[in-house]
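[1] fold the following for me, if possible:
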Amino acid sequence: MDKLIEQLRAQVKTKSAGKCLLWVDPAQHDPYEDDESVGQRRVRITINHAHFAPHRMPYLVPLDLMVPGDADLFCDSVERAWLGWDISRLRARHGQSICGWVITKTSAETLANHWGRRCHIHGHRYKCKLLRFQDPGVREWLWPTLSEVQRHALLGYAACVFAIGRDQGLLCHERASDDIPSDRFELDDQQWQQVGNYATIHAAWLACTLVDPLGFDSSFSPAVLLAVLIALDQATHYGVMQPSERALYARHALQLGSRFHVQGRMQAVWEQTRTGHYYGSAVEQVFSCAADELCLHWNSIKEQTGWPT
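    As a prediction, the model looks like this:
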């Protein structure tokens, strides 16, 4: 923990002489709700969406690490961000209250206005959509899919955003130029579909992590993410469309390997899902076990069918 704090502190000192904005999401829990020093400086990011009450909107807090009180708050926030990915916190479903630390040459108000007006709310296929990019887990997966133009528009007046990722390591997202952003941040149809798939995979990853915290490898490399995304594309072809069913499918892809769906006996499952049957019910009928326990029977299934191990 101390090493991580010093690593981030050194980055902030190098990039902005020790000044940054602490980015907090109080939607699930506000760790600084009763902190007067935070309350006096808190700059809300106004999001015009029914899901957000004003006191639950994300906010920014200017910090100067040369000031003792701010330095203490900074250390506390890093520890909270790191603990946010701890199994016990995930099990409690507290969410990620610490979004990150922002390097910018402009005011917190200017950045908050940009994010609230140009990045969070989107009109897509005649629907009002909310992009919760304040969540570091969302940014961790979304960032590699964005073009340079999109990255520039998303960061806006932020030169750099640091955060703690799923592996409890330091993430750093930077824009390539210092030009003032002029465009709204927009996603295309394929990227919106991927955002939905990210939510599905996150739910599956969380389920695997909580059910079997010792036996499940919770690390998530880009290669694993890509493989599961490809597997989810196949789920669509198989007729697995309901969010809960797709989450179960993604969970199986994480537990059994992303190519589990081509195993011989799975074809009997796809015959049913293509005609409108639920995925979980089809798995139970074909394999004679609870759908969420398929992983417990998988090795014996592969041995019986000659499926390579």
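[2] so where's the stretch 1-150 of the chain uncertain?
    124, 126 (pLDDT under 70).
[3] where exactly do the helices run in it?
    2-16, 36-41, 68-83, 87-92, 108-118, 136-142, 148-155 (DSSP state H, counting those that start in this stretch).
[4] out of the ones you listed, the one nearest V161 is which?
    helix 148-155 (6.5 Å; CB to CB). Using the backbone N, CA and C atoms, a C-beta is placed for each residue, glycine as well.
[5] could you give the angle of that closest one to helix 108-118?
    When axes from the mean of the first three to the mean of the last three CA atoms, to 10 degrees is applied, the directions of helix 148-155 and helix 108-118 differ by 120 degrees.
[6] so what strands line up beside whichever helix or strand comes after helix 148-155?
    The element immediately downstream of helix 148-155 (helix or strand, assigned by DSSP states H and E) is strand 158-164. Using DSSP bridges, the strands paired with strand 158-164 are strand 98-104 (antiparallel), strand 170-174 (antiparallel).
[7] just to revisit the earlier point, winner for burial among the helices of the stretch 1-150 of the chain?
    helix 136-142 (a mean of 21; mean count of other CB atoms under 10 Å).
[8] hmm, who's touching it?
    Helix 136-142 has contacts (CB atoms under 8 Å, 6 or more residues apart in numbering) with 81, 96, 98-100, 131-133, 161, 163-166, 171, 173, 191, 194-195, 198, 201-202, 225.
[9] sorry, back to before: could the helices of the stretch 1-150 of the chain be laid out in JSON lines, adding distance to L229?
    Shown next, in JSON lines, are the helices of the stretch 1-150 of the chain (distance: least, CB to CB, whole Å):
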{"stretch": "helix 2-16", "distance to L229": "29"}
{"stretch": "helix 36-41", "distance to L229": "38"}
{"stretch": "helix 68-83", "distance to L229": "26"}
{"stretch": "helix 87-92", "distance to L229": "22"}
{"stretch": "helix 108-118", "distance to L229": "26"}
{"stretch": "helix 136-142", "distance to L229": "9"}
{"stretch": "helix 148-155", "distance to L229": "18"}
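[10] nearest to E271, out of those helices?
    Nearest of those (CB to CB): helix 136-142, 32.4 Å.
[11] quick check, distance from that closest one to the centre of its chain.
    4 Å (CA atoms, centre = their mean, to the nearest Å).
[12] next one: stretch 144-156
    On CA atoms, centre = their mean, the centre of stretch 144-156 falls 16 Å from the chain's centre.
[13] pretty sure I45 is in contact with R56, am I right?
    No. In this structure, I45 is not within contact of R56 by CB atoms under 8 Å, at 11.1 Å.
[14] re the thing from before, highest average neighbour count across the strands paired with strand 158-164?
    strand 98-104 (a mean of 24).
[15] so which bits of the helix ranked longest in the chain are buried?
    Ranked by residue count and defined by DSSP state H, the top helix of the chain is helix 189-211. By 16 or more other CB atoms under 10 Å, the buried positions in helix 189-211 come out as 192, 194-195, 197-209.
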